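Asker: from the sequence below, what's the structure:
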Amino acid sequence: MLHFPINSATSRRSFLVASATGLAGVTGGLGAQVARSTAGPASGGKAKSTILFFLCGGASHMDTWDMKPNAPLEYRGPFQPVATSAPGMSLSEHLPLLSQQAHHLALINSIDGKVNTNDHHAGYYHNLTGHRPDITFRTLANNRTPMPDDWPYMGCVAASRRPKHPFLPNAVSLPHSPSRKPYTRPGQFAAKLGIEHDPLYLQGDRENPLSFKAPSLVLEKDISQTRLADRRSLLTAVDGVRREFDKHASPETWTRQQERAFSLLLSSKTSEAFDVASEPEAIRKKYGETVNGMSLLMARRLVEAEVPFVTVFWLGDGIGSKTAKKCRSAGSWDTHGSNFECLKEDLLPEFDQCYSALIGDLAERNLLDETLLLVTSEMGRTPKIGDPRSGGVKGAGRDHWTHCLTDLMAGGGIQGGQVYGSSDTLGEYPAHNPVTPADVAHTVYHAMGIHDLEETDSQGRPYQLLAEGRPILDLF
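Answerer: Numbering: from 1, shown residues only. Predicted coordinates for the structure are as follows:
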């Protein structure tokens, strides 16, 4: 469930309003101070909500959904493709449950995600915003953390175009904000759109996967929720954080943030929506009681509560863990070493269970048609096996590869059981119907009926939030 800790002796503030919307991830001023919201979804989109499942680290397209059984062994690896519930679509043999849900899936096998650094920061930014990374990603490398004039995350754009939710934020991200500070990944915030459109971050726990916390909503020991009803006491209690907040935003923005914090802290509906532990045990077991499985179950609950955009960032075992050591990385899908063991033993079984459960659960509840599902990552992996960082061919790893990747879509008006585009025979580059992350972002907007992407900067000048790309209409 969602926790509002009452016994925090370490915090010098009553609660951290600013970081409730991700301000902790962005330092500096704002580009646009005010963002507009439309009255509702425009015509043409079925999706009331979107769930984006981001496979942090860079998932290997060659060993999952774009397999090349006729490629040389040094490319294709040991995994075999299997038939699915969608005629003509094959998936990895290690995705048996998802194979049964393939009639709901659309695979986009021709995404050109090429960026100038071939690294995680740029890959996140490109696939989350739709914008190609600028030169600062090359000059700053891992020090290229989020900036206030970055292009906004597509989830924040979508959230800004929906009417304000009565008791929840329009965008929620969980179970973490990647990556560990100070190397926070750019692209996951509202940035120039305005911090009032940043997601609320819920923090999951690997050891206690039924528990989710909003670190920004922390009450000091001498302030109870009853006292929060006293508006004057609350305003006094948050006066310190306002002084800090004023450095970053206008008074109007502060007022909106303040009201949002009141709503979150005082509404019993907030706790109900976030109480994943109240789900029947059979449902929880279907998803798998891991932090990623429970995060997807939480996402389904938030969709039921009509939150427009929910993002689940895959949470791996972390640096120093057994899995990270085996994969020669910081964990998650960054399989620099032992790619096939990491996928077979650790990553694919958990993904297969929780994601197939989400699709089936939404379908059974008649929510799939109005919920768009998107699985993406910051990159694919090198088609030729062997990463020099893990011993070359003997290390059996796959390095970063932003030149080609696959996205999965389902629901929200997407026609299931289809494969759009293709990569070449070795899985190295898009071959047929090449598209870009900008096209994918526009496809999300189109599915949600969002067509007005015009904004106004702080000088009153209009600009387009994503001028490049177009929706992939053949998917619908």
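Asker: the residue minimising distance to the centre of the chain: what secondary structure?
Answerer: When Cα atoms, centre = their mean is applied to the chain, the residue found nearest the centroid is Thr311 (3.7 Å). Using DSSP: H, G, I helix; E, B strand; the rest coil, the structure places Thr311 in strand.
Asker: does it touch Ala171 like I think?
Answerer: Yes: using Cβ atoms under 8 Å, Thr311 is in contact with Ala171, at 7.4 Å. (C-beta placed from N, C-alpha, C; glycine too.)
Asker: now the common contact residues for these two.
Answerer: 155, 199 (Cβ atoms under 8 Å, 6 or more residues apart in numbering).
Asker: which stretches of the stretch 251-400 of the chain have low pLDDT?
Answerer: Residue ranges of the stretch 251-400 of the chain with pLDDT under 70: 251-268.
Asker: the helices in it, which residues?
Answerer: 251-266, 268-273, 281-287, 291-304, 322-327, 339-342, 348-364 (DSSP state H, counting those that start in this stretch).
Asker: out of the ones you listed, which is the most enclosed?
Answerer: helix 291-304 (a mean of 24; mean count of other Cβ atoms under 10 Å).
Asker: ok so, going back, can you redo the helices of the stretch 251-400 of the chain as JSON lines with distance to Val435?
Answerer: JSON lines is the format used below for those (distance: least, Cβ to Cβ, whole Å):
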{"stretch": "helix 251-266", "distance to Val435": "35"}
{"stretch": "helix 268-273", "distance to Val435": "35"}
{"stretch": "helix 281-287", "distance to Val435": "31"}
{"stretch": "helix 291-304", "distance to Val435": "25"}
{"stretch": "helix 322-327", "distance to Val435": "29"}
{"stretch": "helix 339-342", "distance to Val435": "26"}
{"stretch": "helix 348-364", "distance to Val435": "22"}
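Asker: if I pick the nearest residue in space to Gln100 that is not next to it in sequence, what's in contact with it?
Answerer: Spatially, and ignoring its direct neighbours in sequence, Gln100 is nearest to Ser85 (5.5 Å; Cβ to Cβ, 6 or more residues apart in numbering). For Ser85, the contact set (Cβ under 8 Å, 6+ apart) comprises 99-103, 417.
Asker: do you know the pLDDT at Ser85?
Answerer: Note on Ser85: pLDDT of 98.
Asker: still on that earlier bit, which among the contacts of Ser85 count as buried?
Answerer: In terms of neighbour count (16 or more other Cβ atoms under 10 Å), the buried residues within these are 99, 101-102, 417.
Asker: near the residue lying closest to Gly130 once chain neighbours are set aside, how many other residues are there?
Answerer: Excluding the flanking residues, the one nearest Gly130 by Cβ to Cβ, 6+ apart is Ala441, at 3.3 Å. A count of nearby residues for Ala441, using other Cβ atoms under 10 Å, gives 29.
Asker: next: the one 5 residues further on.
Answerer: If you count neighbours by other Cβ under 10 Å, His446 ends up with 23.
Asker: go through stretch 200-208 and flag the buried ones.
Answerer: Neighbour counts using 16+ other Cβ under 10 Å place 200-204 of stretch 200-208 among the buried residues.
Asker: reformat those residues as a markdown table; add secondary structure and distance to Lys181.
Answerer: Listed next are those as a markdown table, based on DSSP: H, G, I helix; E, B strand; the rest coil; distance: Cβ to Cβ, whole Å:
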| residue | secondary structure | distance to Lys181 |
| --- | --- | --- |
| Leu200 | strand | 18 |
| Tyr201 | strand | 13 |
| Leu202 | coil | 17 |
| Gln203 | strand | 13 |
| Gly204 | strand | 17 |
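Asker: any chance of these in a markdown table, with distance to Gln353 and pLDDT too?
Answerer: A markdown table is the format used below for the buried residues of stretch 200-208 (distance: Cβ to Cβ, whole Å; pLDDT from 0 to 100):
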| residue | distance to Gln353 | pLDDT |
| --- | --- | --- |
| Leu200 | 27 | 91 |
| Tyr201 | 25 | 92 |
| Leu202 | 21 | 93 |
| Gln203 | 22 | 93 |
| Gly204 | 17 | 95 |
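Asker: out of those residues, who's nearest Arg365?
Answerer: Leu202 (21.6 Å; Cβ to Cβ).
Asker: for the residue nearest to the closest one when sequence neighbours are not counted, list each beta-bridge partner.
Answerer: Distances taken as Cβ to Cβ, 6+ apart put Leu174 closest to Leu202, at 3.9 Å, once the chain neighbours are dropped. Leu174 has the following beta-bridge partners by DSSP bridges: Val312.
Asker: what's near enough to touch Leu174?
Answerer: Here Leu174 is in contact with 201-204, 212, 295, 298-299, 310-313 (criterion: Cβ under 8 Å, 6+ apart).
Asker: dump the residues you listed into CSV; add distance to Met89 as well.
Answerer: Converted to CSV, these look like this (distance: Cβ to Cβ, whole Å):
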residue, distance to Met89
Tyr201, 35
Leu202, 33
Gln203, 36
Gly204, 32
Phe212, 34
Ser295, 26
Met298, 29
Ala299, 24
Val310, 26
Thr311, 26
Val312, 24
Phe313, 27
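Asker: what residues are up against Ala59?
Answerer: Per Cβ under 8 Å, 6+ apart, neighbours of Ala59: 333, 347, 377, 380-381, 405.
Asker: for the strand or helix carrying Tyr445, the averaged confidence score.
Answerer: Per DSSP states H and E, Tyr445 falls inside helix 437-447. Helix 437-447 carries an average pLDDT of 98.
Asker: between that helix and strand 309-313, how big is the angle?
Answerer: Here the directions of helix 437-447 and strand 309-313 differ by 140 degrees (axes from the mean of the first three to the mean of the last three Cα atoms, to 10 degrees).
Asker: name the helices or strands packed onto helix 437-447?
Answerer: Packed against helix 437-447 by the contact rule (3 or more Cβ pairs under 8 Å, 6 or more residues apart in numbering; DSSP states H and E) you find strand 49-54, strand 105-111, helix 120-129, helix 154-160, strand 371-376.
Asker: right, and Asp119 touches Trp401 too?
Answerer: No: Asp119 sits out of contact with Trp401 when judged by Cβ under 8 Å, with a separation of 11.4 Å.
Asker: who has more neighbours, the two?
Answerer: Trp401 (24 against 20).
Asker: contacting residues for that one?
Answerer: 58, 118, 379-383, 428.
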